[in-house]
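[1] Predicted structure and sequence below. I'll ask about it afterward.
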Amino acid sequence: MIIADLDKIEGRTFPARRMTRGMVGQGGQVIAAEGFAMGYVVLEPNGGQVPWHNQEQEEIYFVVKGRGEICVDNERQEIVGGQAVFLPPTKFHQLTNIGDEPLHMMYIYCPGGDVAHWRQELDGTLPPAGVGDIPPLPEGAQPQCTKKPE
């Protein structure tokens with residue numbers, strides 16, 4: 001039996017002010033799985049974010065606690081602890097913490113494997129919303145973080 005313990009997973013800090021700890025999936029996760037990936041994310045208060053991106057996998061975000069703004073395609077809505085949102089394959093999406101406390105959430109996507117936006121964000125190459133073939137954020141949405149605030 002393999003048990004993934006969040007307290008023992010170092011995780012990665014991303015420029016958009018979040019800490020991500022992968023628990024299940026490929027590429028050295030504690031629980032190796034090819035069919036899906038799962039992790040735990042903490043977005044910093046007042047703007048911590050999973051920036052505007054898309055991917056081939058279908059995905060679920062489950063907000064454990066906190067208050068955020070979720071954008072999917074051309075829709076924007078508040079999401080709070082205890083709620084989950086389905087993110088269809090190839091649809092652009094973004095989650096921003098709009099509260100004064102950390103937002104805790106889990107992601108699950110399948111099939112498993114790394115997603116390009118992680119590397120793009122770490123490399124500073126995440127495509128900005130509304131430029132070229134990247135669709136704009138929904139009207140009134142929190143701005144996309146494309147680099148670490150100073």
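    Alright, I've got the coordinates.
[2] what about Q29, how many neighbours?
    18 (other CB atoms under 10 Å). All C-beta spots, glycine's among them, are computed from the backbone N, C-alpha and C.
[3] residue contacts, it?
    A4, G22, M23, A37 (CB atoms under 8 Å, 6 or more residues apart in numbering).
[4] Between the residues you listed, identify the one with the most neighbours.
    Neighbour-wise, the contacts of Q29 (other CB under 10 Å) top out at A37, 25 neighbours.
[5] Who are the contact partners of it?
    G22, V24, G25, Q26, Q29, Y107, I108, Y109, C110, G112, G113.
[6] and what of E78?
    R67, G68, E69, I70, I98.
[7] out of those residues, who's nearest G140?
    E69 (9.1 Å; CB to CB).
[8] Surely the closest one and H93 touch.
    No: using CB atoms under 8 Å, E69 is not in contact with H93; the gap is 11.2 Å.
[9] on that earlier part again, could you dump the contacts of Q29 to TSV with pLDDT?
    Output for those, formatted as TSV (pLDDT from 0 to 100):
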residue	pLDDT
A4	95
G22	93
M23	96
A37	94
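[10] Just send the residues you listed back as a markdown table, with distance to L122 too.
    Shown next, in a markdown table, are the contacts of Q29 (distance: CB to CB, whole Å):
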| residue | distance to L122 |
| --- | --- |
| A4 | 22 |
| G22 | 14 |
| M23 | 19 |
| A37 | 17 |
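[11] and which of these is nearest to E59?
    A37 (9.0 Å).
[12] for the closest one, which residues make a bridge with it?
    Counting by DSSP bridges, A37 forms beta bridges with Y109.
[13] So, low pLDDT: which residues of this structure?
    148-150 (pLDDT under 70).
[14] what residues are up against K65?
    K65 neighbours (CB under 8 Å, 6+ apart): G81, E101, L103, H104.
[15] Please verify my assumption that the last one contacts G66.
    Yes: H104 lies in contact with G66 (CB under 8 Å); the separation is 5.8 Å.
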